[in-house]
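> Provided below are the primary sequence and the corresponding predicted coordinates.
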Amino acid sequence: MNKNLINKFKENLGGIIKYKSISTDKAYKQEMKKTVEALETLFKRNGFKTQVLKGKTTNPYVYAGLNIDKNKKTILIYGHYDEMPVGDTNKWVGDPFKLTEKNGRLYGRGVIDNKGQFLIHFTAVTELAKNNNLKYNVKFLLEGNEETGNTEIAEVIRVNRKLLSCDFVLISDGETTANRPTIEAGFRGGSNVTLGFKTAKGDVHSGLYGGAIPNAAHELSILISKFYDKNNKVAILGFYEGLDKPTKSELLNNKSLKFSSLKLKELTGIKSLKCEKGIDFFTQTGLRPMLTVSGMKSGYTDEGYNNIVPCYAEAKINFRFAASQDPRKILSDFKKFVMRNKPSYVSCEINVSSSWPALKMATKTKLVENIKKILEEVYKEKVAFRFVGGSIPVIGFFKSILKTQVVSIPLANEDCNMHGTNENFKLKLVEKALEFSTSFFAR
Ligand SMILES: [Zn+2]
């Protein structure tokens, strides 16, 4: 592997991860601006024409284009420069905003989610261009609100569809599967719901009233305990309606990914899996719908005790939908379920955020065949087609607005710890990723 290319990548990455572009916290607004400026400078220095597109309420979008020959095909690379908070900095191997190399890994916030991944392609493309070996026109679109759920991105793509026009879109975000190069075959849809239960005007003394009046925390817990039946199937009427039954080849493909429950236990610290009966891990997370409580609050949770009966309890609930399901229908079934199962003395409020449907990607095209060939040459392993449990909603917008094919090739290691402490990119995979990107853009 070309040492110079790896060093170039480290230099590019170190120069961008030093900016604290944490979009989930307003305190970093200024840092977002600095990140955008740094990206613009980096692109310009390497011959790209840039434009900063303004959102109404969102952080700016960085557009950069390198036009080498109008007879050549154009690839749009999408990525995001925003990131999650870093948590306790003492738990990191080094300063999370300074690229740290240790034990064969690069550490820092954003090294894989997502600065490191779009910079792999940037580094490969710019080095090829310098030597006149680049075979495509290349465009980048980098947004700053991926982590907050960007509600304006569809509009930005629509308004700028001429600028963004391309032969296909390439996305590298997320992790490879079972140490194999990976092409993503589909994504689940999703939605978020806040469910609030109220049982009284205010909290009251638990000694004077406890046991005699309703408790919001208890009532909400009772409802939540009814979400799943004993076979780990969601017990909400209509929840599995409309979904695509996995095909034989999809099931075979998922089995071929050779899931290791031992590895998963090591990675996550769980003691046991909880799939539906007879359903493998990849089918469960990629092709089955689910809901999960992602947060709860009620009563007093600080130091010591406050002996009250809480009058209010709240749960955040995350939904994931499978292909062909109608999110609105399921959310309306969920509301009916709550109303049917809550006692009459509980008043409840249900707030639904935006929702997005599941997506299946085209995997039988010439383009995917070509990418698969290069990936297998470089990684010397068979490509895994992965149905991803999460979502990249922007893929749907590229497909519908730009009317173009989207290919999603994650490049990170499975133990990259994205969103957590010690986010890292294994150097071995950095090499493979650079080699793949270089081969791809040079043919
Ligand atoms: Zn992320």
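Received, thanks.
> which non-adjacent residue is nearest residue 115?
residue 16 (5.1 Å; Cβ to Cβ, 6 or more residues apart in numbering). Just so you know, the C-beta spots here come from the backbone N, C-alpha and C atoms, and that holds for glycine as well.
> element containing that neighbour, please.
Per DSSP states H and E, residue 16 falls inside helix 3-17.
> moving C-terminal of that helix, what's the next helix or strand?
Following helix 3-17 toward the C-terminus (DSSP H and E): helix 29-45.
> For the residue nearest to residue 375 when sequence neighbours are not counted, report the pLDDT, please.
Spatial nearest neighbour of residue 375, excluding adjacent residues (Cβ to Cβ, 6+ apart): residue 181 at 3.9 Å. Looking at residue 181, its pLDDT reads 96.
> Could you tell me which residues make contact with residue 181?
By Cβ atoms under 8 Å, 6 or more residues apart in numbering, residue 181 lies in contact with 375-376, 378-379, 381, 383-384, 409, 432, 436.
> cutoff 7 Å now
Counting by Cβ atoms under 7 Å, 6 or more residues apart in numbering, residue 181 touches 375-376, 379, 381, 383.
> Can you pull the phi and psi angles for it?
phi -60, psi 150 (degrees, to the nearest 10).
> Give me the residue ranges of the protein where confidence is low.
Within the chain, the stretches with pLDDT under 70 are 1.
> can you list the domains in it?
3-186+358-441, 189-253+286-356 (automatic domain parsing).
> hey, which of those domains is tucked in deepest?
domain 3-186+358-441 (a mean of 19; mean count of other Cβ atoms under 10 Å).
> all strands in the stretch 151-300 of the chain, in order from the N-terminus.
Taking DSSP state E, counting those that start in this stretch, the strands of the stretch 151-300 of the chain run over residues 168-171, 182-187, 189-198, 204-205, 290-298.
> relative to strand 290-298, how tilted is the third one?
Meaning strand 189-198. Going by axes from the mean of the first three to the mean of the last three Cα atoms, to 10 degrees, strand 189-198 is angled at 30 degrees with respect to strand 290-298.
> From the contact counts, what lies against strand 189-198?
On a contact count with 3 or more Cβ pairs under 7 Å, 6 or more residues apart in numbering; DSSP states H and E, strand 189-198 meets helix 216-224, strand 312-321, helix 327-341, strand 347-356.
> of all those, which lies closest to residue 289?
Evaluated over the helices and strands packed on strand 189-198, closeness to residue 289 peaks at strand 312-321, with 5.0 Å, by Cβ to Cβ.
> what residues does the closest one touch?
By Cβ under 7 Å, 6+ apart, strand 312-321 touches 188-198, 216-217, 220, 224, 289-298, 327, 330, 357-358, 389.
> let's see 8 Å
With Cβ under 8 Å, 6+ apart as the test, strand 312-321 has contacts from 188-199, 216-217, 219-221, 224, 243, 289-299, 327, 330-331, 334, 355, 357-358, 389, 391.
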